[in-house]
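>>> The following comprises the amino acid sequence and a computationally predicted model.
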Amino acid sequence: MKKLKNILRQLHLILGLGSGLVVFIVSVTGCIYAFEEQIRSVIYKNTFYHVCNHEHKSLIELTDVLRRNYPDQKLKNIIIPEEKNANVLFVLKNRIIVYVNPETAEVSGTLNRETEFFEIVLKIHRSLLLGDTGKIITGTSALIFFFMIVSGIILWWPKNKRNLSKKIKLRLDSGKKRRNYDLHSVLGFYASWILIFSVITGLVFSFKWFEGAMYTLVGSKKEEKNYKSEYLNQKTANAGMIVSDLQLEYPLAEFTIVMPGDSMSAYRVTVTEKGGFLKKQHHFYFDQYTGKPIGQKLFAEQNLGEKLRTTNYNIHTGKVLGLSGQFIIFFAGLVAASLPVTGFLIWYRRNFGKLKGVDENA
């Protein structure tokens, strides 16, 4: 066991020094992004919301308004939020989001996903602003960090119960060397049990093979059906016609309408209902020319892997447990950001500070 710990300690040190900067950046940006939804709701209140006074206009009317205001821009998605006082989002292919008041059919504002603060923070978090290369770097660093968490728990584990009390308490009144070591090992141990879930769900986003492993682990298969429209060489059906019946069937849900990507693709409408641990989504497919339904996959028909993949973002951000879960992820992220710093200080003081190392088994 002692030999194993010595090997793990060396790997923990080398890999930590190699990936520390990336882990620090990803952790800090994750903390900044943790409450983006709540902060944006305040900053962009007049853009996101309206005062409810009248009945909502049909989506057909709202779509016509968008076409008149942005005749040269292609529409990518339409999002109809669950909240009655929320404006409808029209996501253009140039990454501009246009918010339209569903009562007055007026444009209340726009958001540029290339330059908006939280969008930039998210890009740094995912790829360090380095595109696909950055995604490989952050994904690889997440794999290393997962090893760091597991090896850190093993290194932390006391030899006997007598030493347990020393391992679970922060001794802030001790010397600088001891205090820094405790900040690294004790806080790291407590945060590890949260960070494991955050890292695993992050790896699902980073690597297709890891996503596939998640499906295999829960005994599921990723099922993808490519629904096609019948090309009739005629005008595309209005998105408002597509969802009118679904809105009556699901009056308290969020709707995301994904526009057809080419002349043969179908409309995809995702209906998201609130409630429950797993994110409850239903998917419906419609011919882009006739507007007729050509397929569907209800939440009850999805396998466990598909349900977990849909819920992955909420688990990653803590939103699966509501605001309390977001706070938990936020504080765990702060600890994660501190670990490369305190770890570096431990290494530096032992090697260049002329201080004797702290006995990890103490």
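Cool, got the structure.
>>> Please name the nearest non-neighbouring residue to residue 65.
Sequence neighbours aside, residue 105 is the residue nearest to residue 65 in space, at 4.8 Å (criterion: CB to CB, 6 or more residues apart in numbering). To be clear about C-beta, it is placed using only N, CA and C from the backbone, and glycine gets the same treatment.
>>> again with residue 203
Closest to residue 203 by CB to CB, 6+ apart is residue 210, at 4.5 Å.
>>> Make sure that neighbour is actually in contact with residue 199.
No: using CB atoms under 8 Å, residue 210 is not in contact with residue 199; the gap is 10.7 Å.
>>> Name the SS class of the residue nearest to residue 65, please.
coil (DSSP: H, G, I helix; E, B strand; the rest coil).
>>> got the contact list for it?
Neighbouring residues of residue 105 by CB atoms under 8 Å, 6 or more residues apart in numbering: 57, 61, 62, 65.
>>> any idea how far the residue nearest to residue 203 lies from residue 299?
24 Å (CB to CB, to the nearest Å).
>>> ditto for residue 127
31 Å.
>>> one step back: ChimeraX command to pick out the buried ones of the contacts of residue 105?
To isolate the buried subset of the contacts of residue 105 in ChimeraX, counting by 16 or more other CB atoms under 10 Å, use the following:
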select :57,62,65
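>>> which of the contacts of residue 105 lies closest to residue 279?
Checking those against residue 279 by CB to CB gives residue 62 as the nearest, at 25.9 Å.
>>> if I look at the closest one, how far off is residue 81?
Following CB to CB, the distance that separates residue 62 from residue 81 is 13 Å.
>>> Return every residue with contacts to both of those two.
residue 88.
>>> Return the least confident helix or strand in the chain by mean pLDDT as PDB; C-alpha atoms alone will do.
Least confident element among the helices and strands of the chain, by mean pLDDT, DSSP states H and E: helix 164-167 (a mean of 76). Presented in PDB, the C-alpha positions along helix 164-167 are these (Å, rounded to 0.1, in the frame of the first residue of the first chain):
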ATOM      1  CA  LEU A 164      -9.200  10.500  11.000                       C
ATOM      2  CA  SER A 165      -9.900  13.600  13.100                       C
ATOM      3  CA  LYS A 166      -6.800  15.300  11.900                       C
ATOM      4  CA  LYS A 167      -7.700  14.600   8.300                       C
END
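>>> Pull out the buried positions in it.
In helix 164-167, residues buried by neighbour count (16+ other CB under 10 Å) are residue 167.
>>> contacts for that helix?
With CB under 8 Å, 6+ apart, helix 164-167 has contacts from 156, 158, 185, 186, 189, 362.
>>> one step back: check the residue nearest to residue 203 and give its pLDDT.
At residue 210, the model reports a pLDDT of 95.
>>> Quick one: neighbours of it, just the number.
16 (other CB atoms under 10 Å).
>>> check contacts around residue 148.
Applying CB under 8 Å, 6+ apart, the residues contacting residue 148 are 12, 15, 16, 19, 23, 339.
>>> quick one, strands of this protein?
75-80, 88-92, 96-100, 107-112, 253-258, 267-273, 280-286, 293-297 (DSSP state E).
>>> and the ones you listed as JSON lines, adding distance to residue 195 and mean neighbour count?
Output for the strands of the chain, formatted as JSON lines (distance: least, CB to CB, whole Å; neighbours: other CB atoms under 10 Å):
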{"stretch": "strand 75-80", "distance to residue 195": "31", "mean neighbour count": "19"}
{"stretch": "strand 88-92", "distance to residue 195": "32", "mean neighbour count": "21"}
{"stretch": "strand 96-100", "distance to residue 195": "32", "mean neighbour count": "21"}
{"stretch": "strand 107-112", "distance to residue 195": "31", "mean neighbour count": "15"}
{"stretch": "strand 253-258", "distance to residue 195": "30", "mean neighbour count": "20"}
{"stretch": "strand 267-273", "distance to residue 195": "27", "mean neighbour count": "20"}
{"stretch": "strand 280-286", "distance to residue 195": "27", "mean neighbour count": "22"}
{"stretch": "strand 293-297", "distance to residue 195": "33", "mean neighbour count": "15"}
